[in-house]
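1. Output the structure for:
(2 chains)
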There are 2 protein chains.
Amino acid sequence: MTAEERSSLEAYLKARKEIVDEALDRYLPGEGTIPPVIFQSIRYSVFAGGKRIRPILCIAAAEASGGLLEVVLPAACALELIHTYSLIHDDLPAMDDDEYRRGKLTNHRVFGEDIAILAGDALLTEAFHLLSGKDLADRVPAARILTVINEISEAAGFFGMVGGQVLDVESEGKTVDLTALNHIHSRKTGAMIRAAVREGGILAGADERRLQALSEYGSSLGLAFQIADDILDVEGDRELLGKKTGADVARRKAAFPALVGLDASKKKARELVEKALEAIASFDGKADPLRWIAEFVVERKT
Amino acid sequence: MTAEERSSLEAYLKARKEIVDEALDRYLPGEGTIPPVIFQSIRYSVFAGGKRIRPILCIAAAEASGGLLEVVLPAACALELIHTYSLIHDDLPAMDDDEYRRGKLTNHRVFGEDIAILAGDALLTEAFHLLSGKDLADRVPAARILTVINEISEAAGFFGMVGGQVLDVESEGKTVDLTALNHIHSRKTGAMIRAAVREGGILAGADERRLQALSEYGSSLGLAFQIADDILDVEGDRELLGKKTGADVARRKAAFPALVGLDASKKKARELVEKALEAIASFDGKADPLRWIAEFVVERKT
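-> A predicted model of the protein is given here:
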């Protein structure tokens, strides 16, 4: 990545993140809404400093397909609500039992387990409320929105993210081979990353050939993203990450570095980025942000 | 309710319940699907002997509006998936900490807390997958389905069921007045019962006037249903219910009998049933099942 590309990427990410943050703030009820505790809990985690990778991927895919940011914004925000719910539930004592995330106490440590479970439930539900709401319905044909809801709910459900989390929980303390690890990753993280990219394309009215390219980009990127996460868990800066590193090893969780080593993990992540770039090689300059993000995913420090 | 009406009601409920059960079995992946534990956990709770009141209300409202059972069946099943998820999460140690439901161990007592949380998450997600899926989209205009998804997600979310559960959790051990109790009930149970009835009407293409009548029927019935539940908790048969009675009092939970007494609670439930019947008084004989169900709700023993 050249210095110029890096600077363009940073400006792109910053601008899109601000728009997503502002929209999330607008879509979520204020902390004074009855009962306040659930809205405080929801806002605590939604505004805990996430990078908004999924919404930005959705926006970038839409823009790469000639769509408008404003049109896909509610759908982009819905992806972040689903991501946030998954983090809150994953951190629970019955799951990963994490104390910190992004340098802040986890949701249940602040609001209690009951409210954390309910905040997650409410965020997941609200994602579908946003996807089926007026903002999107006024601008996109209903049939296209239904397709998006169907794909997102598949990627988030038992065949996608939730199923992946179950496999991950089950893998703790067990020996997992590379095929099994790829399977866990593709469901737990990959499915939603791929859905985020496809969703942007679908809402922008991309044709089947373009959607296929976006799917391939998303699949490769999703796996690269998870491998990069595994690498950060080994050699990341605890201060920058705002959470404990070495957690995968300590918990004997399935992870790439433990299985194939750090160097091979980095090589694999790099190969996947190349594969993602290759998938959208025929796209014009409007797809440059998708290209920058692919580089960013493996170079990021947090 | 005459003996003839009762017999018609029983035949109606039995036939509809069988169709819903069969459809749920068809829609849910088998227990051998990877990872098996999540599908076992989901099926354990979905097929734990529920009365299928919400799906049957949705079907009855559709039939009363000239719609076909087959058309609304996926939506009816989605309501039951959402209901089941809410029961699994409500029973968790961090919430009501219940050991039994319908005479069987609660989900987390069999599968562990982690799987129970994930099973609930998956059921909620799958409900939206079913609502946005081919079965419904092939038979109902997409815009109408989007409206249904929007109303259900509102009724299930922070302004509906989840918000009501938060209020309920917060009310434990506190003095709650009748206004507050009505507010808790209308969000926790009422919103989804009302949504179930409206949804049947919307999918069947009911006009605004008819939808308004169905809404009033649903609102009154929802509150009557919850009061009847509170009454059963006091004087119900533990064997028939398959769970502990007296739980509300033991937990100092907000409930009608404790607040206004048993007789006044029964009178209130009866009044609400009359109000529900009044709302659909102008409907023809196709609405008879809705009338029978209203009677059933306060007369039921489980």
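2. what about A:Ile38, distance to B:Glu170?
-> In this view, A:Ile38 and B:Glu170 are 10 Å apart by Cβ to Cβ, to the nearest Å. All C-beta atoms are positioned from the backbone trio N, CA, C, and that covers glycine.
3. residue ranges of the strands in chain A, please?
-> A:100-101, A:104-105 (DSSP state E).
4. per-residue confidence averaged over the last one?
-> Right, the one you point to is strand A:104-105. On average, the pLDDT along strand A:104-105 is 96.
5. just checking, A:Leu9 touches A:Ala294?
-> No - the criterion here is Cβ atoms under 8 Å, and A:Leu9 misses it with A:Ala294 at 10.2 Å.
6. more neighbours, the two?
-> Between A:Leu9 and A:Ala294, counting by other Cβ atoms under 10 Å in any protein chain shown, A:Ala294 is the more crowded of the two (25 against 19).
7. and that one, what does it touch?
-> A:Tyr217, A:Leu221, A:Ala224, A:Val273, A:Ala276, A:Leu277 (Cβ atoms under 8 Å, 6 or more residues apart in numbering or on different chains).
8. ok so, going back, higher neighbour count, A:Ile38 and B:Glu170?
-> Higher neighbour count among A:Ile38 and B:Glu170: A:Ile38, with 27 against 18, using other Cβ under 10 Å.
9. Spatially, which residue comes closest to that one, not counting chain neighbours?
-> With sequence-adjacent residues excluded and distances taken as Cβ to Cβ, 6 or more residues apart in numbering or on different chains, A:Ile38 is closest to B:Val166, at 4.7 Å.
10. Now do the one you found: how many residues are near it, please.
-> Other residues lying near B:Val166 total 27 when counted by other Cβ under 10 Å.
11. quick one, what contacts it?
-> For B:Val166, the contacting residues are A:Pro35, A:Val37, A:Ile38, A:Ile115, A:Leu118, B:Phe158, by Cβ under 8 Å, 6+ apart.
12. For the first one, grab the count of nearby residues.
-> When you say that, I think you mean A:Pro35. For A:Pro35, the neighbour count with other Cβ under 10 Å is 22.
13. The residue lying closest to it once chain neighbours are set aside and A:Arg109: what is the separation?
-> Nearest in space to A:Pro35, with sequence neighbours left out and distances taken as Cβ to Cβ, 6+ apart, is B:Val166 at 4.8 Å. In this view, B:Val166 and A:Arg109 are 18 Å apart by Cβ to Cβ.
14. and if you look at A:Ala116?
-> On the measure of Cβ to Cβ, A:Ala116 and A:Arg109 end up 9 Å apart.
15. of these two, who's got more company?
-> Between A:Ala116 and A:Arg109, A:Ala116 has the larger neighbour count (other Cβ under 10 Å), namely 24 against 16.
16. hang on, that one packs against A:Asp90?
-> No - using Cβ under 8 Å, A:Ala116 is not in contact with A:Asp90; the gap is 10.8 Å.
17. Next, find the distance separating the residue nearest the centre of chain A from A:Asn182.
-> Nearest to the mean C-alpha position of chain A, by Cα atoms, centre = their mean, lies A:Arg54 at 4.2 Å. Going from A:Arg54 to A:Asn182 by Cβ to Cβ gives 21 Å.
18. returning to what we had before: mind picking the one among the contacts of A:Ala294 that's closest to B:Ile145?
-> Distances from B:Ile145 to those, taken as Cβ to Cβ, are shortest for A:Tyr217 (29.5 Å).
19. buried sites along stretch A:76-87?
-> Judged by neighbour count using 16 or more other Cβ atoms under 10 Å in any protein chain shown, the buried positions of stretch A:76-87 are A:Ala76, A:Cys77, A:Ala78, A:Leu79, A:Glu80, A:Leu81, A:Ile82, A:His83, A:Thr84, A:Tyr85, A:Ser86, A:Leu87.
20. Need the contact partners of it.
-> Residues outside stretch A:76-87 that contact it (Cβ under 8 Å, 6+ apart) are A:20, A:23-24, A:27, A:42, A:45-46, A:50, A:52, A:54-56, A:58-59, A:101, A:119-121, A:123-124, A:126-128, A:130-131, A:152, A:156, A:161, A:165, A:192, A:195-196, A:199-200, B:121.
21. Among those, which lie within helices?
-> A:20, A:23-24, A:27, A:42, A:45-46, A:54-56, A:58-59, A:119-121, A:123-124, A:126-128, A:130-131, A:152, A:156, A:161, A:165, A:192, A:195-196, A:199-200, B:121 (DSSP state H).
22. Those, buried ones only, as a ChimeraX selection?
-> To isolate the buried ones among these in ChimeraX, judged by 16+ other Cβ under 10 Å, type:
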select /A:20,23,24,27,42,45,46,54,55,56,58,59,119,120,121,123,124,126,127,128,130,131,152,156,161,165,192,195,196,199,200 /B:121
